[in-house]
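>>> Structure of the sequence below:
(2 chains)
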Protein chains: 2
Amino acid sequence: MAVYTDITDDELATLLADFDLGAPLAFKGIAEGVENSNFLLETEAGRYILTVYEKRVNEADLPFFLELMRWLARHGYPSAEPKADRAGALIKRVRDKPCAIVEFLNGLSVRRPTAAHCREAGAGLAGLHLAQAGFPGQRANDLGQAAWAPLFAGLQEAAEGLKPGLSKVIAQDLEMLARRWPTGLPTGVIHADYFPDNVFFAGPRFAGTIDFYFACVDAFAYDVAIALNAWCFEADGSFNITSARQFLAGYESLRPLSEGERAALPVLAHGAAMRFFLTRLHDWGATPAGALVRPKDPLEYERKLAVHRASPDLVLFGAPAAQ
Amino acid sequence: MAVYTDITDDELATLLADFDLGAPLAFKGIAEGVENSNFLLETEAGRYILTVYEKRVNEADLPFFLELMRWLARHGYPSAEPKADRAGALIKRVRDKPCAIVEFLNGLSVRRPTAAHCREAGAGLAGLHLAQAGFPGQRANDLGQAAWAPLFAGLQEAAEGLKPGLSKVIAQDLEMLARRWPTGLPTGVIHADYFPDNVFFAGPRFAGTIDFYFACVDAFAYDVAIALNAWCFEADGSFNITSARQFLAGYESLRPLSEGERAALPVLAHGAAMRFFLTRLHDWGATPAGALVRPKDPLEYERKLAVHRASPDLVLFGAPAAQ
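As a prediction, this is how the structure comes out:
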């Protein structure tokens, strides 16, 4: 939750003057997204979200994100469609920051996904991987496997501070991940942050996906692995195999995994846990005590790493245990 | 801006099960109100705000506030109407806190009100004073004139810390206010916090009033004085007499002030500045550095006090200067 940038009625009127959306009827800051400031904006033309991009988002990446959202919405995927101004621009400025107006997407995110939610979410992710086909944008995954060792180089002390001895275990993980990281898997645009708070439901049904600000080109199966980590762990730290099977069944109802993709899931999930552990560890150390935004606990992902370390085979993802 | 209480999809479903509002379609925390947690709630039946009352609101006062809002909405005043559940209850509980669901009121608040906005806002306040007639609820003003000296007793050091010598000046003000505070003025339910952020406009027109959580029975002219302080000062600390005249003209277009009410405006406005100075001074000292909510600056109202101290006659409110 965060509203960093404050927009006055005058600034809003100046912004809307470039659009064909009519006069504003309601405007409220909303507590959605940690990286950006978001506002509910109702105009005579409909309901929208105004997002003001704070410095954590690289402005050069915005065309990729916004054109992707438009592409997905226009190819039948439930993603909020950005609105272009009269000159065709998707990216505008307010208070000297980039901003965009996107359609309001109905739906509620679920706090504790059931196995049934996981099945729906799996299908929702496969739908995204299908709908992106043909999208011409390119963006490398700057938080992909190659980035982890350099990122960890500055965090060894932080890891030790979190848990004595952790630094050595992480270094061993990173060495294994570098050695075993799969290549040649099918790639395309992935969401890369497909967590329950970015997925909307209408009742029990998948209704849409938001927050594409980590989207990039990488292996589809890595996106599945990120999502399995985000959706299938219980609050007590255990992995829910039923939820994982349902997520994969939902996914495969639209896009069956290849043998190579399925075989790679354990190492991909281990790596996906590493990616979120490292960025959380980084944010944890970088955030002053008492700051307005409380960072997410890196220990949650340290525990997920431990689960994957202990299960390097496909048992977690529905294969029978080796005899 | 603040969302203190976090409501899950399951908790929302449990709450909505008691209402005839259909299934939820969207639910987002919004950054409105400093005292409570507010959520945009769209259901199959319409759009609402769910307010969760945090500890600063006295639960015993909630029936007064919510029944007042319902009374106003049903007597033609643009105030958000609270929805009763199937058993007729306006006040429900979620996460062991009281909460209420009120209709979503369209409109935008203005950051820098023009004289034209002030005229509209004045009429909006008079409309409120007319619409409350007959409302049977009673609530004393616990931040009225009688409360200021006791409140200041604990804040003398804080006042000196803000500005050396201020404590003595405030004590003199309080003595004068106690001596000259008017009695016998027309009373009824007043808003008592009619600031620009609590007043909505649709384009240039007054569209509604929100946040009745300081409403109480007191002199109507005191409500006008609170509003004049809130609407008619410039950012540089000067009082805008044109805005004040327009506010009063708008007010009197619906409810003319009596001679006694008009004559009392200078001392009422001085007292109204004192009330907000004292509560801001209190909150300023009580808020730990780095807290999630930044308190409002008491110096803004210290400067308003100085303006009223220097102009104890009606010059600020449109009378010709004494020769």
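>>> so where do the strands sit in chain A?
Applying DSSP state E to chain A gives strands spanning A:24-30, A:36-43, A:46-53, A:92-94, A:97-103, A:187-190, A:199-202, A:205-209, A:216-219.
>>> Please identify which of those is closest to A:L151.
Of all the strands of chain A, strand A:216-219 sits nearest to A:L151, with 15.7 Å by C-beta to C-beta. C-beta: built from backbone N, CA, C; applies to glycine.
>>> and that closest one, what does it pack onto?
Judged by 3 or more C-beta pairs under 8 Å, 6 or more residues apart in numbering or on different chains; DSSP states H and E, strand A:216-219 is in contact with strand A:187-190, helix A:259-286.
>>> which one of these has the lowest average pLDDT?
Of all these, mean pLDDT reaches its minimum on helix A:259-286 (a mean of 94).
>>> Determine the set of other helices and strands touching it.
helix A:145-153, helix A:156-162, helix A:166-180, strand A:216-219, helix A:220-231, helix A:298-310.
>>> do that again at 10 Å, thanks
Judged by 3 or more C-beta pairs under 10 Å, 6 or more residues apart in numbering or on different chains; DSSP states H and E, helix A:259-286 is in contact with helix A:145-153, helix A:156-162, helix A:166-180, strand A:216-219, helix A:220-231, helix A:241-254, helix A:298-310.
>>> Show me which residues of the longest one are buried.
Residues of helix A:166-180 classed as buried under the neighbour-count rule (16 or more other C-beta atoms under 10 Å in any protein chain shown) are A:166-167, A:170, A:173-174, A:177.
>>> Could you restrict those residues to the ones contacting chain B?
Subset of the buried residues of helix A:166-180 in contact with chain B: empty, counting by C-beta under 10 Å from any C-beta of the partner chain.
>>> and which of these is nearest B:W71?
Nearest member of the buried residues of helix A:166-180 to B:W71, counting by C-beta to C-beta, is A:L166, at 60.9 Å.
>>> one step back: take the buried residues of helix A:166-180 and write them to CSV, including pLDDT.
Formatted as CSV, the buried residues of helix A:166-180 follow (pLDDT from 0 to 100):
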residue, pLDDT
A:L166, 96
A:S167, 96
A:I170, 97
A:D173, 97
A:L174, 98
A:L177, 98
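>>> do stretch A:65-78 and chain B meet?
No: Stretch A:65-78 does not reach chain B (C-beta under 10 Å from any C-beta); its nearest approach is 13.2 Å.
>>> Tell me how far that stretch lies from the chain's centre.
16 Å (C-alpha atoms, centre = their mean, to the nearest Å).
>>> so for that stretch, what's the average pLDDT?
Across stretch A:65-78, the average pLDDT comes to 97.
>>> cool, stretch A:213-225 as well?
Summarised as a single mean, pLDDT over stretch A:213-225 is 98.
>>> Stretch A:135-151: end-to-end distance?
30 Å (C-alpha to C-alpha, to the nearest Å).
>>> what do you get for stretch A:69-87?
End-to-end for stretch A:69-87, by C-alpha to C-alpha: 19 Å.
>>> ok, so what distance separates A:A227 from A:L40?
Distance, A:A227 to A:L40, by C-beta to C-beta, to the nearest Å: 27 Å.
>>> Serialize the helices and strands packed on strand A:216-219 to a markdown table and add fields for mean neighbour count.
Below are those laid out as a markdown table (neighbours: other C-beta atoms under 10 Å in any protein chain shown):
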| stretch | mean neighbour count |
| --- | --- |
| strand A:187-190 | 20 |
| helix A:259-286 | 21 |
